[in-house]
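Chemist: With the sequence up front, the predicted model follows.
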Amino acid sequence: MKKQQLLLLIWIIGLIFSCDKQEEPPINKSVYSIEFEAFFRKNLELLGIVTPDWDQYLPKACDAFIHNRKELVALITHRFSIHEAGKAFTMYERHEDGILKALVNAAK
């Protein structure tokens, strides 16, 4: 997408979305400068997401879970069906009922 097309979309929608993959070691190749005054005066919204390198991260996470299952399962204080996902997020956001981690089961 060309810069002018991107700027036109930002002008129409008012949302800037940035998605990048976390690299090991971090490489500072994605540095963009913006004019903050113009950004805020136009009431734009910036949404950014950084994800880990799944090929490297997922096997390590699985190993950690398998070796520490008892300790990790104890952190799940609440379980919800997929139909109660909204309730789970609300409870977690408000720290209600001593919630530490919520498990939302998509199979139910």
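Modeler: All right, it came through fine. Numbering: from 1, shown residues only.

Chemist: The residue lying closest to A85 once chain neighbours are set aside: what secondary structure?
Modeler: The spatially closest residue to A85, leaving aside those adjacent along the chain, is V104, at 5.1 Å (CB to CB, 6 or more residues apart in numbering). Using the backbone N, CA and C atoms, a C-beta is placed for each residue, glycine as well. With DSSP: H, G, I helix; E, B strand; the rest coil as the basis, the three-state label of V104 is strand.

Chemist: Beta-bridge partners for V104, please?
Modeler: Legend: beta-bridge partners of V104 under DSSP bridges are F80.

Chemist: residues in contact with it?
Modeler: For V104, the contact set (CB atoms under 8 Å, 6 or more residues apart in numbering) comprises 80-82, 84-85, 88.

Chemist: Just the mean pLDDT for stretch 69-87, thanks.
Modeler: Looking at stretch 69-87 alone, the average pLDDT works out to 91.

Chemist: Next, the buried residues of that stretch.
Modeler: Neighbour-count burial for stretch 69-87, with 16 or more other CB atoms under 10 Å as criterion, is recorded at 78, 80, 84.

Chemist: Tell me the confidence at the closest residue to I82 other than its chain neighbours?
Modeler: The shortest distance from I82 to any residue that is not its chain neighbour, by CB to CB, 6+ apart, is 4.8 Å, and that residue is A106. The model reports A106 with a pLDDT of 85.

Chemist: what helices or strands is the longest helix seen in the chain leaning on?
Modeler: Taking DSSP state H as the assignment, the helix of the chain that covers the most residues is helix 54-67. Packed against helix 54-67, as judged by 3 or more CB pairs under 8 Å, 6 or more residues apart in numbering; DSSP states H and E, are no other helices or strands.

Chemist: Tell me which helix or strand comes right after it.
Modeler: Heading C-terminal from helix 54-67, the first helix or strand you meet, by DSSP states H and E, is helix 69-75.

Chemist: follow-up on the earlier one: is it possible to export the contacts of V104 to JSON lines including distance to Q56?
Modeler: Written out in JSON lines, the entries for these read as follows (distance: CB to CB, whole Å):
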{"residue": "F80", "distance to Q56": "31"}
{"residue": "S81", "distance to Q56": "33"}
{"residue": "I82", "distance to Q56": "30"}
{"residue": "E84", "distance to Q56": "34"}
{"residue": "A85", "distance to Q56": "29"}
{"residue": "A88", "distance to Q56": "29"}
